[in-house]
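K.L.:
Test case, fold it:
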Amino acid sequence: MPGKSSEKRLRDACASEEDRSIEDLRALLEEGPDLNHEFSNGDLPLRCALEAGKEDWVVELLQRGAVIPKNDGALYPTLLRLAAEMGLAKAAALLLEKGAAVDYSGSSFAKCLTPLHAAAVKGHKETFLFILR
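P.N.:
Got it, this is the predicted structure:
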């Protein structure tokens, strides 16, 4: 799409409800977007992919260099809390490996549930047990 930056195309694809393949993501990544570009509203491609439930995209972004922002959880639930709440065990495991805080839920707007609590409340046993380790 002419006029859109590669970062905006990446963010839009990550946030899209469309069923897009991992190959679609890899094609977008060939354009060389900044994986950690933060938009004015706080959006990051990683958060958008998580919120859309695209676990394979989250894993790919993390493996390609997306990082957990230093202010993770300042305005929204943490990335790990989102992964736990949605039962995205692979994403949660990789976020933990990359240094996500297991005992922090995010801002006061995040209902004070830690990632472990969020997984338990939503009934995601595999994710709960992984975080518990």
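
K.L.:
From Leu95, how far off is the closest residue to Asp56 other than its chain neighbours?
P.N.:
Leaving aside its sequence neighbours, Asp56 sits nearest to Ile22 (CB to CB, 6 or more residues apart in numbering; 5.1 Å). Backbone N, C-alpha and C define where each C-beta goes, glycine included. Computed as CB to CB, to the nearest Å, the Ile22 to Leu95 distance reads 18 Å.

K.L.:
More neighbours: the two, which one.
P.N.:
Taking neighbours as other CB atoms under 10 Å, Ile22 and Leu95 compare with Leu95 leading, 29 against 12.

K.L.:
That one touches Leu61, doesn't it?
P.N.:
No: taking contacts as CB atoms under 8 Å, Leu95 lies outside contact range of Leu61: 11.0 Å.

K.L.:
low pLDDT regions in this structure?
P.N.:
1-3, 104-114, 116-117, 121, 132 (pLDDT under 70).

K.L.:
got the contact list for Ala91?
P.N.:
Leu50, Glu55, Val58, Val59, Leu62, Ala83 (CB atoms under 8 Å, 6 or more residues apart in numbering).
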